[in-house]
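*Asks:* quick one: sequence and predicted model below, then my questions.
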Amino acid sequence: MSFCSFNGGEVHKDNFKPGLYACSKCDHPLFSSRSKFEHSSPWPAFTETVREDSVSKHLERPGAFKVLCGKCGNGLGHEFVNDGPSRGQSRF
């Protein structure tokens, strides 16, 4: 599944079929459906990446990191610290 291409409607937000979410630019594996959870944001929400090098992160402000594809640098959005489904988990 290609991820992070928002053109007027997010088709993966409510999709919970097993699989991997990959960068829409280079197909680098980013997130697994196993770490996906329901959230009120208009985009899919995940608690963790597939691998440590799946993404690169840069502190944007306290509690929020700008997230980029670990391979091509495509902008993926943000990681919000302590905004996951359980205490201490992040939301990507």
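*Replies:* Yep, that arrived.

*Asks:* quick one, what contacts the spatially most central residue of the chain?
*Replies:* Centroid check for the chain by Cα atoms, centre = their mean gives F92 as the closest residue, at 4.2 Å. Residues near F92 by Cβ atoms under 8 Å, 6 or more residues apart in numbering: 31, 45-49, 55, 67, 76-79. Just so you know, the C-beta spots here come from the backbone N, C-alpha and C atoms, and that holds for glycine as well.

*Asks:* and G84, by the same measure?
*Replies:* 37, 47, 90-91.

*Asks:* closest to S24 out of the contacts of F92?
*Replies:* Comparing these against S24 with Cβ to Cβ places L76 closest, at 9.2 Å.

*Asks:* tell me which element the closest one is part of?
*Replies:* Taking DSSP states H and E as the definition, one finds L76 inside strand 75-80.

*Asks:* could you find the lowest-pLDDT member of the contacts of F92?
*Replies:* Least confident by pLDDT among the contacts of F92: that is A45, with 85.

*Asks:* after the helix or strand of the chain with the lowest mean pLDDT, next one along is what?
*Replies:* In the chain, no helix or strand scores lower on mean pLDDT, DSSP states H and E than strand 2-3, which sits at a mean of 44. Sequence-wise, the next helix or strand downstream of strand 2-3 (DSSP H and E) is strand 20-23.
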